[in-house]
Every structure is written in structure tokens, then in C-alpha cells.
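Asker: model this:
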Amino acid sequence: MSEKQKLIELNILGQVCPACLLVVLKEVNAHREELRSGQVQLLVRTDHRDTTRTVPESARKMGYEVEVSKVAGHYEIRIGRWA
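Answerer: Residues are numbered from 1 along each chain as shown. Model prediction:
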């Protein structure tokens, strides 16, 4: 993430799909212009493993770059542009 990018953090720990997917897609759509321009990255924290498949798949289909990592008891999904 560059210094000019804003990070929006979304904590959905304890939620399960499809709620996770719906919450994340709502946030992605609310910030779509900033995400597409690279001004913003979305960081999603989840402990539901299915979310690490459904959210990245949907975000990639929408044209975003996605990174998934496992961090001390949960997962982090980054969505945005960082080229």
C-alpha cells in the first residue's frame, strides 16, 4: 500500500457466509470509485474460511486485485488496486 492510499478496515469476525459476502460486497460497492482508482484499499478480517474463497472470487470478477493471508487466528483479505 502506498502512502497516498487510504485503508478501510472491515471486521467481520464471527460472521458466516453468505452474510460475510454480502457485507463485503456492500462495502466494495460503496467505495467502488476509490477502489478502482487506487485511492483506497479494503482490508477484511474474517475467521470464516469459506469467506476466503467467496469474497476473493467475487472481487476478482469485479476487476479488483485480491490478496488473502492467514494471521494469528483469522484471515485478512485485501481488495483494491496496487499496481
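Asker: ok, residue 66 touching residue 81?
Answerer: No. Look at residue 66 against residue 81 with Cβ atoms under 8 Å: they stay out of range, at 10.6 Å. All C-beta spots, glycine's among them, are computed from the backbone N, C-alpha and C.
Asker: show me where this structure has strands.
Answerer: For the chain, the strands defined by DSSP state E cover 6-11, 40-46, 65-71, 74-80.
Asker: how about residue 39, phi and psi?
Answerer: phi -70, psi -30 (degrees, to the nearest 10).
Asker: dump the residue contacts of residue 56.
Answerer: 66, 68, 77 (Cβ atoms under 8 Å, 6 or more residues apart in numbering).
Asker: report the buried members of the residues you listed.
Answerer: 66, 68, 77 (16 or more other Cβ atoms under 10 Å).
Asker: list the contacts of the second one.
Answerer: Okay, so that is residue 68. Neighbour list for residue 68: 52, 56, 75-78 [criterion: Cβ under 8 Å, 6+ apart].
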